[in-house]
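Student: okay, here's the prediction I keep looking at, along with the sequence it came from:
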Amino acid sequence: MLTPSQIDEFHRNGFLNGGRILTDDELDALRADLDHILEKGPDGFSDAEPHPVSFRNMSQRGDELAALAVWQIVNIWEAAPAFQQLIYHPSIVKGISQLTGAADLMVWHDQIQYKPPNYGGATRWHQDAPLWPIILPMTPVSAWIALDDADEGNGCMWMVPGSYKWGDQMDFLRTQQHLEQRDEFMNIEGFAPPADSEVKAVAPQPRPVKSGEVSFHHSLTWHGSPFNRSDRPRRAIAIHYMTGESRFVASGQHLMKQFVTLEDGEPMAEAGEHFPTVCRDGEPVGAPA
């Protein structure tokens, strides 16, 4: 359970470190499952076995930084038992319910982001909700769980306090895609917050998260992370949730659309097994046996 002061902090800033929620044994199981998936690689799964929805290097591109890697694995929960347990974790689910005020929650999707030692790439400044155009209203809050200590040295997330109150600013953030190095990541320039906003300044700050801790952030909070040039890995998973109000938007495009057979405007609560219910009437339902 989050305290009233923690909830106030989240609504003030658009993010919150919710503290440690995983035991050493749970962390060991998650790391082992992730290592197994990474060893198999994107092409190591047969059609007959459970596999993630997507497995790719987000840093692949045609410039001098092409050797960098940020491995993104979407819906690892469908391929790894420890991660299936994690999406139902009562502390995560209850925290999301408290921060959204939603009694019913479903999984939208999860997303591993693994930055290898020495050559881990950057995750550029962005907001989440504008990248998810097949669901409305926007998915409000995500949980980000560190499997290694994530700090400034190995490419922890940075966030901008209060930025979620400025609306959809992805067009502007795309102009800041050159910011990738640790010593330049805070240099966001050229944006003036709306005149009626209570937050008047763009003030990026690093948000270290220790292994086993959960960090919550709003889906419109500006966030990203620079290169990992350290000799330590940075393994983490973001779990994105939907509220019971979420509806399908047929005109949008997204990786998860292939699993949705609904008509436009129908509730995502009826979208099927790829979007499991994790909270009902304000209480976590618990992982299936």
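Tutor: Arrived safely.

Student: strands of the stretch 101-250 of the chain, start to end?
Tutor: Remark: strands of the stretch 101-250 of the chain, listed N- to C-terminal, are 105-115, 123-126, 135-136, 141-146, 158-159, 205-206, 213-218, 223-225, 234-243, 247-248; assignment by DSSP state E, counting those that start in this stretch.

Student: pLDDT weak spots in the stretch 1-150 of the chain?
Tutor: By pLDDT under 70, the low-scoring segments of the stretch 1-150 of the chain are 60-67.

Student: give me the number of neighbouring residues for the closest residue to residue 41 other than its chain neighbours.
Tutor: For residue 41, ignoring the flanking residues on the chain, the nearest one in space by Cβ to Cβ, 6 or more residues apart in numbering is residue 55 at 7.5 Å. Using the backbone N, CA and C atoms, a C-beta is placed for each residue, glycine as well. When neighbours are counted by other Cβ atoms under 10 Å, residue 55 registers 22.

Student: need the strands of the stretch 101-250 of the chain in a markdown table (columns: mean neighbour count and distance to residue 5).
Tutor: Listed next are those as a markdown table, based on neighbours: other Cβ atoms under 10 Å; distance: least, Cβ to Cβ, whole Å:
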| stretch | mean neighbour count | distance to residue 5 |
| --- | --- | --- |
| strand 105-115 | 24 | 23 |
| strand 123-126 | 20 | 29 |
| strand 135-136 | 20 | 31 |
| strand 141-146 | 25 | 17 |
| strand 158-159 | 23 | 19 |
| strand 205-206 | 14 | 19 |
| strand 213-218 | 23 | 14 |
| strand 223-225 | 26 | 22 |
| strand 234-243 | 24 | 23 |
| strand 247-248 | 18 | 33 |
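
Student: quick one: closest of those strands to residue 274.
Tutor: Using Cβ to Cβ as the criterion, the shortest distance between residue 274 and the strands of the stretch 101-250 of the chain is 8.0 Å, found for strand 105-115.

Student: what pairs with the closest one, parallel or antiparallel?
Tutor: When sheet partners are counted by DSSP bridges, strand 105-115 sits next to strand 71-74 (antiparallel), strand 234-243 (antiparallel), strand 277-280 (antiparallel).

Student: got the angle for that strand vs strand 141-146?
Tutor: Here the directions of strand 105-115 and strand 141-146 differ by 40 degrees (axes from the mean of the first three to the mean of the last three Cα atoms, to 10 degrees).

Student: put the alpha carbons of strand 105-115 into CSV.
Tutor: Below are the C-alpha coordinates for strand 105-115, written out as CSV (Å, rounded to 0.1, in the frame of the first residue of the first chain):
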residue,chain,number,x,y,z
LEU,A,105,-7.0,-3.1,-14.3
MET,A,106,-5.7,-5.1,-17.2
VAL,A,107,-2.2,-5.6,-18.6
TRP,A,108,-1.5,-3.5,-21.7
HIS,A,109,1.9,-5.0,-22.3
ASP,A,110,5.3,-5.4,-20.6
GLN,A,111,8.6,-4.3,-21.9
ILE,A,112,12.1,-5.4,-21.0
GLN,A,113,14.9,-2.9,-21.6
TYR,A,114,18.3,-4.4,-21.2
LYS,A,115,21.4,-2.2,-21.6
